[in-house]
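Chemist: this one's structure only:
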């Protein structure tokens, strides 16, 4: 029942399947007058695109977006913004293997249990191709944040298997560090610690050759976010951000700031102490002084509301479930069998997870920015 | 903007503050004809109540609920169910200390930044007293789950500081193990590993005497939940459960199943293999065979939809931020100062967190159960 | 399922019954810092109150509101604003007459058909006492409109039975004309054409003495509403206003502008022609010139969006269904019987309908004003 | 802000413009397993299609729908159902006339006032081409009503200008009477009183030749709807139906049952008396006896909840505003000018309004049926 929409003031509604005509999103609540182009969408879609490197799936999808509504003369109109990303490489193949068998780690059985039927071709609606349009919507959200708040969101990989990156200060990680190695070549694993990045690539490549896969952790940082976004009680910004990340495929855990590390800390160790903010950062409510905290164990949020400190989140992403090795499973009628999931799969989901996670974080922040304007923004009709 | 409601088919909307007349909830979508009493609410409210043991805050609140709407002759009517829990022990005291100073770890500054003002008495709307009515709503949700699905939710503490409980099988933990020690006395820390429980109590008590506090981890398990609940894409059951838990105060991390442990696993290690389910568990869609998985690393959810396996979640809860020791902070006008938060505080939030977390999990599951009925339940007008 | 909330950015959620402890509303999204008092609520509640004149029901209810949340030092805080209006005059009486019989024109049967049960005391949740809290919420909405837009809403009665008022220009009707007669006495029927008003009072009084009741029409006008409120497609302002009025008890028809009169008009007769607006009225988007229309057959709305012209709506209200005369009906078990609804009833609903309708119109306009701010308001973090 | 969605359990979200690539709808909450074909959609789209007769606009649009998501092997899957209807006849023409001038009766000015900009080609998002996808969604809603309730919705024209149809019993009007004349030819005005129909066609044709247009009234009847649908308070079924109809272009008034006629009636004249229902109509709650009312002045709804009697609504539709005659208006910069709207327009909107209104009524009823199932449907996990 109505689970394909996300957000309140900036709301996305999606449709589409792995092997249908394509994926589409309707974005509601986009401010009018934002300059936007297919090319801007393409830049981020290319970061999510399959086949971008040797450590991603080799499915070939150009992921070329089309505006179906809401654009006029290169700017958003304020009405329903619709984007379609057609599927191209729906390879015709034999689905008899997965039609009646449940793939371990996939939604095959749970879809059957829920609906009594499923589109088994490539996972249907449960396919991660659905995230293409989230990335497209994330571009729109990011532009709102940039134009109205000068805020930005950056994600990167911090761990693959046992290999952990050293990230001294999340707020200093640049897009360039994430996308590019010192020699100018592509940083295909999207880890800004380039020594760890090389080890990660080797590990993933080894597992790929063993027909196996590996999990990892991504971190997402938002800087420049004004203090005061988020709602007390249910729509705490941490709660909406967590829902956003958990709504992505393969995410098994989310934490912010010190995260699970808080379990072993005392209050005196854990508290972030306030100090005056001399950086002249924007404060939305004029009569409130800017402050910052000496540490950032709360990851930029207190009481579910942003503090102006960098927002820092992490998501744990499981290893790809589709494996070309034989595994035990059952058929739709309940009989024991085995399955080996052929096809083109990512040996590690993390590099392509980064743009998806960035998009979802930007969508939440843009939504809460617009929500703040509605309730707390002081604006009168005669001064626009 | 409109962040005080949660859920779609089973929707709760709350109001209330620490030092106002009380807290209240309006529950929308409650099925008619459910037997319900103030006494049933009281049982769970007593588990959340302050002053229940030496390791909780000593604020005295009877937390006696009143039905304001939606009940008739001991049963729900199906219309708006409203519950008020009056505040009693709003001790008149001097608030000048916190009126103009920001307490570290609290929402004081973020509320000021958002609204330009705040009710500083006891944290106002950001106080955890708001969770009283969540617990009350959770009782209603639990009754729906019990009556319509025979499902149940159980929470408990698994870690306080460095002390970790041994929980061989989450699905076997009973309410009795959580609430009572072998000698019949109250298990005040709510850890079902009673050896760990004793150590936890001692640790908390030590820190209490040092005017300090400690964090920890709670686990919540739901059994008997039918396969098929949750929505593809945004309202994945894992996403709604995570939002529910993150919407509680002090939660810095949430994971399900193997959680963050998935980061170091390979796909072949991580996959849960399907096998026939001979236990005759309820399957909602009649023509789909019951299955189970040999392991439960996905914590009862695949593709964001329940599988019929036990749902297993964990939340990391930070140490109480209010400390009666002197800490650096700033005033509302931006000047450096110090603060020591007097008053009555929990040295560890975990024991009282358990019923709150159970309530939120029950609310999400009841909501998705009703949503499933709307879309996928086969029912015709003439057979009721 | 979840039908007790109304609005998006300014959202009200209500509970309460005729013979329960009282009625309550939680208002979400109220801007912080609005001065508000119980006395201001009382003024409007008194206009809705039973027993205010000889032509209304004689039930005695002081309708004294209490703030339960969201107020601090005389101003809204921005968090959940909760208001309770306790019931006082729940006369203990014999309900056996209506317990098992369906009152014609009431929701008795439809509630039974929906829920399988009902609170039969005074109609339970279907009682018009529920509208008390709408009136209270309307006060908050009106203050937002006044403070942020300088807009105001005025309702009045234009027809009772065959007696029609002459209203040359709806935009000029003042509160004083509606509430007071030239001699300073109370205008108990709330018709600003005072000659018609006298006839209306006589008609109602005659019917009251005959144990009968009479229908009528109310008109609601909003002036000063900025152009640009409302959403294309589903949330057209006319659609939300119509839903708001139809959600009130006893409303059988709603029209705006020329309304049903458009059916017999040609396009050249019906079109409102644009002309420059020299009145310097506020235009929200600065680079758009102010315009007005020579006529106002579209009642201040074009394409579902406000034009800056006065918004003019009318609602048809049925005669009170509760009659102390014997009428045919059936019992819950389907047997024929008769019923005569004793008790205290309004011989005409219109005088007390006026403040309810004003409240609902104000709520819709305030909601759309906040929604406009979210999407189209230009505001940057550093200028508040 | 987020005004392009409608419904809760059955929710439609739309996008598209007059001169963009097409219009699209995402339908959320569709029960799985419903057989559905492009051909079924086409039947209803053809009834709404421009160019269907001499009394409609001559724009040529095949309105051929495409499924983009949610269908598999001829049945709905239960996931997002997306339908695209491409635009074909976006005639390239000179828009300079309307680019900077406001067309009387259109949304040109109100869009500029709201957004500061607009897509002026054919009205952009305010074009009635947007209703194509509502009609498509209405087909899905109608199938749910037919399959799960055996209910059906029928609309027809009852008045054009001063010509009024005689409709002795709305519940007996068949699709055939509405679509076909006794001689088997097309009933192009969709009035089931065929004598009135002929006069209506002549009137419209005369006005078309005079470059003018005419208004009218349509009636929509739903039969077989189970008693018990709709929610007390805000989501009364009458309120949601009214919003649905008012959300359609050109609707200036909506009434149900006796409608505005109630204003001149006394309570004893107006009440519908209950009597036993011997027709064995479906009652959803088994222990409640079926009843009917002798008359149907409440149009099938009491207290905002259906009674099982036929639901009868009427909508007043204004004359087309686009006229090829010269009319006074102003430019975007506020200067006086004149405009004559060339192009292809309907001389009367009513014939094509009928399928739009039917679709919206079906969407509301299907939504409330699913909502009823969620809350009040008795269904247990083990009996599906």
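Modeler: Nice, thanks for sending it over. What you see is a predicted model; the values in this text were computed from it and never measured.

Chemist: now the residue of the stretch 201-350 of chain A found nearest chain D: how far from residue B:2?
Modeler: Nearest residue of the stretch 201-350 of chain A to chain D (CB to the nearest CB) works out as residue A:247 at 14.1 Å. For glycine as for every other residue, the C-beta is placed from the backbone atoms N, C-alpha and C. Per CB to CB, to the nearest Å, residue A:247 is found 20 Å from residue B:2.

Chemist: do the same with residue A:204
Modeler: Here the criterion is CB to CB. By it, residue A:204 lies 44 Å from residue B:2.

Chemist: Ok, residue A:301 next?
Modeler: Distance, residue A:301 to residue B:2, by CB to CB: 19 Å.

Chemist: same question, residue A:208
Modeler: Counting by CB to CB, the gap from residue A:208 to residue B:2 is 47 Å.

Chemist: Name the residue in these two with the higher neighbour count.
Modeler: Neighbours were tallied for residue A:208 and for residue B:2 using other CB atoms under 10 Å in any protein chain shown; the higher tally belongs to residue B:2 (26 against 19).

Chemist: Thought residue C:30 was touching the more buried one, still the case?
Modeler: No - applying CB atoms under 8 Å, one finds residue B:2 not in contact with residue C:30, separated by 10.1 Å.

Chemist: So residue A:33 belongs to a helix, correct?
Modeler: No - counting by DSSP: H, G, I helix; E, B strand; the rest coil, residue A:33 is not found in a helix; it is coil.

Chemist: wait, what's in contact with it?
Modeler: Contact partners of residue A:33, counting by CB atoms under 8 Å, 6 or more residues apart in numbering or on different chains, are A:75-76, A:78, D:115-117.

Chemist: farthest-separated two in those residues?
Modeler: A:76 and D:116 (11.3 Å; CB to CB).

Chemist: shared neighbours of those two, anything?
Modeler: Taking CB under 8 Å, 6+ apart as the criterion, residue A:76 and residue D:116 both touch A:32-33.

Chemist: Output the below-cut-off pLDDT ranges for the stretch 1-150 of chain A.
Modeler: Counting by pLDDT under 70, the stretch 1-150 of chain A shows low-confidence ranges at A:90-94.

Chemist: Can you name the residues of it sitting close to chain B?
Modeler: A:1-6, A:8-9, A:14, A:102, A:104-107, A:109-116, A:125-126, A:130 (CB under 8 Å from any CB of the partner chain).

Chemist: And for residue A:14, the neighbour number?
Modeler: So residue A:14, with other CB under 10 Å, has 30 neighbours.

Chemist: where along the stretch 1-150 of chain A do the helices fall?
Modeler: A:38-48, A:96-99, A:108-115, A:131-144 (DSSP state H, counting those that start in this stretch).

Chemist: Report all helices and strands that the shortest one contacts.
Modeler: If I follow you right, that is helix A:96-99. Applying 3 or more CB pairs under 8 Å, 6 or more residues apart in numbering or on different chains; DSSP states H and E, one finds that helix A:96-99 contacts no other helix or strand.

Chemist: ok, residue A:157 touching residue A:215?
Modeler: No - with contacts counted by CB under 8 Å, residue A:157 stays clear of residue A:215, the gap being 11.2 Å.

Chemist: what is in contact with those two at once?
Modeler: Among the neighbours of residue A:157, those also in contact with residue A:215 (CB under 8 Å, 6+ apart) are residue A:350.

Chemist: Without its sequence neighbours, what residue ends up closest to residue A:270?
Modeler: For residue A:270, ignoring the flanking residues on the chain, the nearest one in space by CB to CB, 6 or more residues apart in numbering or on different chains is residue B:319 at 5.2 Å.

Chemist: Look up which helix or strand the one you found falls in, please.
Modeler: Taking DSSP states H and E as the definition, residue B:319 sits outside all helices and strands.

Chemist: try residue A:368
Modeler: helix A:350-376.

Chemist: Let me know whether that helix sits next to chain B.
Modeler: Yes - counting by CB under 8 Å from any CB, chain B is contacted by helix A:350-376 at A:371-372, A:374-376.

Chemist: Now the residue of the stretch 201-350 of chain A closest to chain D: closest residue in space, sequence neighbours ignored.
Modeler: residue B:239 (4.1 Å).

Chemist: quick one: contacts for that neighbour?
Modeler: By CB under 8 Å, 6+ apart, residue B:239 lies in contact with A:242-244, A:246-247, B:304.

Chemist: Could I get these in JSON lines, plus columns for neighbour count, secondary structure and pLDDT?
Modeler: Listed next are these as JSON lines, based on neighbours: other CB atoms under 10 Å in any protein chain shown; DSSP: H, G, I helix; E, B strand; the rest coil; pLDDT from 0 to 100:
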{"residue": "A:242", "neighbour count": "30", "secondary structure": "helix", "pLDDT": "98"}
{"residue": "A:243", "neighbour count": "26", "secondary structure": "helix", "pLDDT": "98"}
{"residue": "A:244", "neighbour count": "30", "secondary structure": "helix", "pLDDT": "98"}
{"residue": "A:246", "neighbour count": "27", "secondary structure": "helix", "pLDDT": "98"}
{"residue": "A:247", "neighbour count": "25", "secondary structure": "coil", "pLDDT": "98"}
{"residue": "B:304", "neighbour count": "27", "secondary structure": "coil", "pLDDT": "97"}
